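Student: here is my input, please return the structure:
(one chain, ligands or ions: 1)
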Amino acid sequence: MAAAVATTASGPADYGIDAPRIVRSMFSRGAWTLAFTLVFYIVNRSEYPGPAARICGVLALIGLFFVAIGAVMVWSSRVAKLRLRDQMLDSLALRGDERVLDVGCGRGLLAIGAAKRLKNGKVIGIDVWNPFDLSGNSPDAAKANVKIEGVADKVRIENGDAQKLVYPDNHYDVVVSSLALHNIPEPDARARAVREMVRVLKPGGKLAIFDLFRTGEYADVLRASGAKDVELSKTSFLWCVPGRSLTARK
Ligand SMILES: C[S@@+](CC[C@H](N)C(=O)[O-])C[C@H]1O[C@@H](n2cnc3c(N)ncnc32)[C@H](O)[C@@H]1O
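Tutor: Next comes the predicted model:
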(Lines give C-alpha, C1' and ligand atoms only; values in the text may rest on other atoms or scores of the structure.)
Protein backbone atom coordinates (compact mmCIF):
# COMPACT_ATOMS: atom_id res chain seq x y z
CA MET A 1 0.00 0.00 0.00
CA ALA A 2 2.13 2.88 1.21
CA ALA A 3 5.30 3.31 -0.78
CA ALA A 4 8.38 5.39 -0.23
CA VAL A 5 8.92 8.43 -2.41
CA ALA A 6 11.35 7.03 -4.95
CA THR A 7 10.91 9.43 -7.80
CA THR A 8 13.27 12.13 -8.93
CA ALA A 9 11.42 15.42 -8.49
CA SER A 10 12.33 18.74 -10.02
CA GLY A 11 10.68 21.84 -11.40
CA PRO A 12 7.27 23.18 -10.39
CA ALA A 13 4.60 20.71 -9.31
CA ASP A 14 2.35 19.62 -12.17
CA TYR A 15 -1.19 18.63 -11.18
CA GLY A 16 -2.20 17.54 -14.67
CA ILE A 17 -5.09 18.25 -17.02
CA ASP A 18 -8.46 16.75 -16.13
CA ALA A 19 -10.21 14.56 -18.72
CA PRO A 20 -7.23 14.83 -21.11
CA ARG A 21 -8.87 12.70 -23.81
CA ILE A 22 -11.85 15.06 -24.01
CA VAL A 23 -9.55 18.11 -24.09
CA ARG A 24 -7.52 16.57 -26.93
CA SER A 25 -10.69 15.66 -28.79
CA MET A 26 -12.03 19.25 -28.50
CA PHE A 27 -8.80 20.75 -29.88
CA SER A 28 -8.56 18.20 -32.67
CA ARG A 29 -12.22 18.63 -33.72
CA GLY A 30 -11.69 22.38 -33.70
CA ALA A 31 -8.51 22.14 -35.78
CA TRP A 32 -10.07 19.75 -38.32
CA THR A 33 -13.19 21.88 -38.67
CA LEU A 34 -11.15 25.05 -39.20
CA ALA A 35 -8.85 23.29 -41.71
CA PHE A 36 -11.87 21.96 -43.63
CA THR A 37 -13.41 25.45 -43.59
CA LEU A 38 -10.28 26.94 -45.14
CA VAL A 39 -10.09 24.31 -47.89
CA PHE A 40 -13.83 24.64 -48.58
CA TYR A 41 -13.45 28.41 -48.94
CA ILE A 42 -10.41 28.18 -51.23
CA VAL A 43 -12.16 25.65 -53.51
CA ASN A 44 -15.48 27.57 -53.77
CA ARG A 45 -14.62 31.24 -53.37
CA SER A 46 -14.34 32.13 -57.09
CA GLU A 47 -17.43 30.27 -58.32
CA TYR A 48 -19.79 30.85 -55.33
CA PRO A 49 -18.24 33.69 -53.30
CA GLY A 50 -21.38 34.68 -51.33
CA PRO A 51 -22.62 31.20 -50.25
CA ALA A 52 -19.04 30.00 -49.67
CA ALA A 53 -18.38 32.90 -47.28
CA ARG A 54 -21.66 32.30 -45.39
CA ILE A 55 -21.11 28.54 -45.03
CA CYS A 56 -17.49 29.11 -43.99
CA GLY A 57 -18.61 31.62 -41.36
CA VAL A 58 -20.86 29.00 -39.77
CA LEU A 59 -18.19 26.28 -40.00
CA ALA A 60 -15.55 28.58 -38.52
CA LEU A 61 -17.84 29.34 -35.57
CA ILE A 62 -18.30 25.62 -34.95
CA GLY A 63 -14.52 25.08 -35.10
CA LEU A 64 -13.88 27.97 -32.72
CA PHE A 65 -16.55 26.63 -30.37
CA PHE A 66 -14.64 23.34 -30.00
CA VAL A 67 -11.35 25.18 -29.47
CA ALA A 68 -12.98 27.42 -26.83
CA ILE A 69 -14.28 24.38 -24.90
CA GLY A 70 -10.77 22.88 -24.93
CA ALA A 71 -9.29 26.17 -23.74
CA VAL A 72 -11.82 26.54 -20.89
CA MET A 73 -11.06 22.97 -19.79
CA VAL A 74 -7.31 23.64 -19.74
CA TRP A 75 -7.85 26.91 -17.83
CA SER A 76 -10.12 25.10 -15.35
CA SER A 77 -7.41 22.49 -14.67
CA ARG A 78 -4.45 24.87 -14.61
CA VAL A 79 -5.91 27.96 -12.94
CA ALA A 80 -9.44 27.57 -11.54
CA LYS A 81 -8.80 24.24 -9.81
CA LEU A 82 -5.99 25.75 -7.75
CA ARG A 83 -8.33 28.51 -6.53
CA LEU A 84 -11.00 25.94 -5.85
CA ARG A 85 -8.55 23.91 -3.76
CA ASP A 86 -7.74 26.97 -1.65
CA GLN A 87 -11.45 27.75 -1.13
CA MET A 88 -12.16 24.16 -0.09
CA LEU A 89 -9.27 24.07 2.34
CA ASP A 90 -10.13 27.54 3.74
CA SER A 91 -13.65 26.29 4.45
CA LEU A 92 -12.22 23.48 6.60
CA ALA A 93 -10.29 25.87 8.89
CA LEU A 94 -7.71 23.20 9.75
CA ARG A 95 -6.08 23.40 13.21
CA GLY A 96 -2.89 21.74 12.04
CA ASP A 97 -2.99 18.40 13.84
CA GLU A 98 -5.62 16.62 11.78
CA ARG A 99 -5.48 13.28 10.04
CA VAL A 100 -6.76 13.98 6.51
CA LEU A 101 -7.85 11.61 3.72
CA ASP A 102 -7.92 12.76 0.06
CA VAL A 103 -10.09 10.35 -1.96
CA GLY A 104 -9.11 10.23 -5.65
CA CYS A 105 -6.04 12.38 -5.00
CA GLY A 106 -4.68 12.16 -8.56
CA ARG A 107 -1.37 14.01 -8.66
CA GLY A 108 -1.91 15.26 -5.12
CA LEU A 109 -3.52 18.68 -5.50
CA LEU A 110 -5.72 18.61 -2.39
CA ALA A 111 -3.50 16.29 -0.36
CA ILE A 112 -0.49 18.58 -0.79
CA GLY A 113 -2.57 21.73 -0.22
CA ALA A 114 -3.89 20.25 3.04
CA ALA A 115 -0.42 19.12 4.13
CA LYS A 116 0.91 22.65 3.73
CA ARG A 117 -1.65 23.79 6.30
CA LEU A 118 -0.74 21.13 8.85
CA LYS A 119 1.87 21.30 11.61
CA ASN A 120 1.95 17.79 12.99
CA GLY A 121 -1.02 16.30 11.13
CA LYS A 122 -0.84 13.75 8.32
CA VAL A 123 -2.52 13.35 4.92
CA ILE A 124 -3.19 10.10 3.08
CA GLY A 125 -3.97 10.37 -0.64
CA ILE A 126 -5.59 7.37 -2.30
CA ASP A 127 -6.41 6.72 -5.93
CA VAL A 128 -6.92 4.06 -8.60
CA TRP A 129 -4.80 6.17 -11.03
CA ASN A 130 -7.10 6.16 -14.05
CA PRO A 131 -5.12 7.79 -16.92
CA PHE A 132 -8.33 8.92 -18.68
CA ASP A 133 -9.36 11.07 -15.70
CA LEU A 134 -6.12 13.05 -15.34
CA SER A 135 -3.07 13.47 -17.58
CA GLY A 136 0.08 11.72 -16.34
CA ASN A 137 -1.90 10.13 -13.53
CA SER A 138 0.23 7.81 -11.43
CA PRO A 139 1.41 7.33 -7.86
CA ASP A 140 4.91 8.35 -8.95
CA ALA A 141 3.60 11.66 -10.33
CA ALA A 142 1.81 12.34 -7.03
CA LYS A 143 4.91 11.41 -5.03
CA ALA A 144 7.07 13.66 -7.21
CA ASN A 145 4.73 16.60 -6.50
CA VAL A 146 4.78 15.78 -2.78
CA LYS A 147 8.57 15.97 -2.87
CA ILE A 148 8.67 19.17 -4.97
CA GLU A 149 6.24 20.89 -2.60
CA GLY A 150 8.33 19.88 0.43
CA VAL A 151 5.64 17.93 2.30
CA ALA A 152 7.02 14.38 2.05
CA ASP A 153 7.05 14.08 5.86
CA LYS A 154 3.30 14.74 6.01
CA VAL A 155 1.82 12.96 2.96
CA ARG A 156 1.49 9.29 2.14
CA ILE A 157 0.24 8.20 -1.29
CA GLU A 158 -1.51 4.82 -1.44
CA ASN A 159 -3.43 2.71 -3.92
CA GLY A 160 -7.08 2.62 -2.91
CA ASP A 161 -10.60 2.52 -4.25
CA ALA A 162 -13.14 5.05 -2.97
CA GLN A 163 -15.80 2.33 -2.94
CA LYS A 164 -13.98 0.22 -0.38
CA LEU A 165 -11.74 2.22 1.90
CA VAL A 166 -9.40 0.02 3.89
CA TYR A 167 -9.36 2.31 6.95
CA PRO A 168 -11.23 1.65 10.20
CA ASP A 169 -14.42 3.48 11.20
CA ASN A 170 -14.00 6.93 12.78
CA HIS A 171 -10.35 7.23 11.74
CA TYR A 172 -10.01 10.63 9.98
CA ASP A 173 -10.64 14.17 11.19
CA VAL A 174 -11.16 15.39 7.62
CA VAL A 175 -12.05 13.70 4.31
CA VAL A 176 -11.72 15.65 1.04
CA SER A 177 -12.22 14.77 -2.60
CA SER A 178 -12.21 16.74 -5.83
CA LEU A 179 -13.48 15.70 -9.25
CA ALA A 180 -13.20 12.01 -8.42
CA LEU A 181 -16.58 10.47 -7.61
CA HIS A 182 -18.38 11.31 -10.88
CA ASN A 183 -15.87 9.01 -12.59
CA ILE A 184 -17.55 6.05 -10.89
CA PRO A 185 -20.26 5.16 -13.44
CA GLU A 186 -22.93 3.38 -11.36
CA PRO A 187 -25.11 5.38 -8.92
CA ASP A 188 -24.98 2.60 -6.30
CA ALA A 189 -21.19 2.54 -6.42
CA ARG A 190 -21.03 6.35 -6.08
CA ALA A 191 -23.35 6.16 -3.07
CA ARG A 192 -21.15 3.42 -1.59
CA ALA A 193 -18.12 5.68 -1.98
CA VAL A 194 -19.86 8.59 -0.22
CA ARG A 195 -20.95 6.28 2.61
CA GLU A 196 -17.37 5.03 2.93
CA MET A 197 -16.16 8.61 3.30
CA VAL A 198 -18.64 9.13 6.15
CA ARG A 199 -17.74 5.80 7.76
CA VAL A 200 -14.02 6.61 8.08
CA LEU A 201 -14.71 10.12 9.46
CA LYS A 202 -14.55 10.62 13.21
CA PRO A 203 -17.73 11.92 14.87
CA GLY A 204 -17.53 15.71 14.44
CA GLY A 205 -15.11 15.25 11.51
CA LYS A 206 -15.43 17.41 8.41
CA LEU A 207 -16.05 16.45 4.80
CA ALA A 208 -15.49 18.61 1.69
CA ILE A 209 -16.18 17.44 -1.85
CA PHE A 210 -16.01 19.27 -5.17
CA ASP A 211 -17.44 17.42 -8.12
CA LEU A 212 -19.30 17.69 -11.42
CA PHE A 213 -22.90 16.64 -12.18
CA ARG A 214 -23.75 14.44 -9.17
CA THR A 215 -23.35 16.64 -6.11
CA GLY A 216 -27.09 16.67 -5.27
CA GLU A 217 -26.99 12.89 -5.22
CA TYR A 218 -24.05 12.94 -2.77
CA ALA A 219 -25.90 15.40 -0.51
CA ASP A 220 -28.88 12.99 -0.34
CA VAL A 221 -26.61 10.06 0.53
CA LEU A 222 -24.83 12.14 3.18
CA ARG A 223 -28.11 13.14 4.83
CA ALA A 224 -29.33 9.53 4.73
CA SER A 225 -26.04 8.47 6.36
CA GLY A 226 -26.64 10.84 9.27
CA ALA A 227 -24.18 13.58 8.22
CA LYS A 228 -24.97 17.04 9.64
CA ASP A 229 -24.77 20.56 8.19
CA VAL A 230 -24.80 19.27 4.60
CA GLU A 231 -24.33 22.35 2.43
CA LEU A 232 -24.05 22.73 -1.33
CA SER A 233 -22.42 25.74 -3.00
CA LYS A 234 -23.79 27.59 -6.01
CA THR A 235 -23.28 25.88 -9.35
CA SER A 236 -20.17 26.79 -11.34
CA PHE A 237 -19.43 25.86 -14.94
CA LEU A 238 -15.74 25.04 -14.81
CA TRP A 239 -14.82 22.40 -17.39
CA CYS A 240 -17.98 23.67 -19.20
CA VAL A 241 -20.26 21.50 -17.06
CA PRO A 242 -22.12 22.05 -13.79
CA GLY A 243 -20.09 21.54 -10.61
CA ARG A 244 -20.60 22.28 -6.92
CA SER A 245 -18.78 22.05 -3.62
CA LEU A 246 -20.33 20.16 -0.78
CA THR A 247 -19.44 20.38 2.90
CA ALA A 248 -20.74 18.33 5.82
CA ARG A 249 -19.93 17.13 9.32
CA LYS A 250 -20.34 13.66 10.79
C1 LIG B 1 -10.10 14.36 -12.52
S2 LIG B 1 -9.01 13.50 -11.48
C3 LIG B 1 -8.87 14.63 -10.10
C4 LIG B 1 -7.64 14.34 -9.28
C5 LIG B 1 -7.44 15.26 -8.09
N6 LIG B 1 -8.44 15.05 -7.07
C7 LIG B 1 -7.43 16.69 -8.53
O8 LIG B 1 -8.39 17.41 -8.21
O9 LIG B 1 -6.49 17.10 -9.20
C10 LIG B 1 -10.08 12.23 -10.83
C11 LIG B 1 -9.31 11.20 -10.03
O12 LIG B 1 -10.23 10.28 -9.44
C13 LIG B 1 -9.62 9.00 -9.48
N14 LIG B 1 -10.64 7.96 -9.32
C15 LIG B 1 -11.60 7.59 -10.19
N16 LIG B 1 -12.33 6.60 -9.67
C17 LIG B 1 -11.82 6.33 -8.43
C18 LIG B 1 -12.12 5.40 -7.40
N19 LIG B 1 -13.11 4.52 -7.53
N20 LIG B 1 -11.38 5.42 -6.28
C21 LIG B 1 -10.36 6.30 -6.14
N22 LIG B 1 -10.02 7.20 -7.07
C23 LIG B 1 -10.73 7.21 -8.21
C24 LIG B 1 -8.93 8.98 -10.85
O25 LIG B 1 -7.97 7.96 -10.95
C26 LIG B 1 -8.35 10.38 -10.87
O27 LIG B 1 -7.08 10.43 -10.30
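
Student: okay, helices next: where are they in the chain?
Tutor: Shown for the chain, the helices assigned by DSSP state H span residues 20-44, 49-75, 81-92, 109-116, 139-148, 187-200, 215-224.

Student: which of these sits most buried?
Tutor: Neighbour counts (mean count of other C-beta atoms under 10 Å) averaged over each of the helices of the chain peak at helix 109-116, with a mean of 25. Where C-beta positions appear, they are placed from N, C-alpha and C, glycine not excepted.

Student: can you check which strand is longest in the protein?
Tutor: In the chain, with assignment by DSSP state E, the single longest strand is strand 201-212.

Student: okay, the helices of the chain in a markdown table with mean pLDDT and distance to the ligand next?
Tutor: Below are the helices of the chain laid out as a markdown table (pLDDT from 0 to 100; distance: least, C-beta to the nearest ligand atom, whole Å):
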| stretch | mean pLDDT | distance to the ligand |
| --- | --- | --- |
| helix 20-44 | 97 | 9 |
| helix 49-75 | 96 | 11 |
| helix 81-92 | 96 | 6 |
| helix 109-116 | 98 | 4 |
| helix 139-148 | 97 | 9 |
| helix 187-200 | 98 | 6 |
| helix 215-224 | 97 | 14 |
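
Student: out of the ones you listed, which is closest to residue 167?
Tutor: helix 187-200 (4.7 Å; C-beta to C-beta).

Student: ok, and what's touching the closest one?
Tutor: 101, 103, 162-165, 167-172, 175, 177, 181-182, 184, 207, 209, 214, 217-218, 221-222, 225-227, 250 (C-beta atoms under 8 Å, 6 or more residues apart in numbering).

Student: and if you look at stretch 154-168?
Tutor: Residues external to stretch 154-168 that are found in contact with it (C-beta under 8 Å, 6+ apart): 1-3, 101, 103-105, 108, 111-112, 115, 118, 121-129, 139, 142-143, 146, 177, 180-181, 184, 189, 192-193, 196-197, 199-200.

Student: one more: stretch 90-98?
Tutor: 100, 114, 117-121, 172-174, 176, 206, 208, 245, 247.

Student: and the furthest pair within those residues?
Tutor: 120 and 245 (27.2 Å).

Student: those two: who's more crowded?
Tutor: residue 245 (19 against 9; other C-beta atoms under 10 Å).

Student: leaving out sequence neighbours, find the closest residue to the more buried one.
Tutor: By the measure of C-beta to C-beta, 6 or more residues apart in numbering, the closest residue to residue 245 outside its immediate chain neighbours is residue 233, 4.1 Å from it.

Student: burial of that neighbour, as a residue count?
Tutor: 15.

Student: just the one 3 residues further on next, same as before
Tutor: One way to gauge burial is a neighbour count; for residue 236, by other C-beta under 10 Å, it gives 16.

Student: got the contact list for the closest residue to residue 72 other than its chain neighbours?
Tutor: Excluding the flanking residues, the one nearest residue 72 by C-beta to C-beta, 6+ apart is residue 240, at 5.4 Å. Shown in contact with residue 240 (C-beta under 8 Å, 6+ apart): 69, 72-73.
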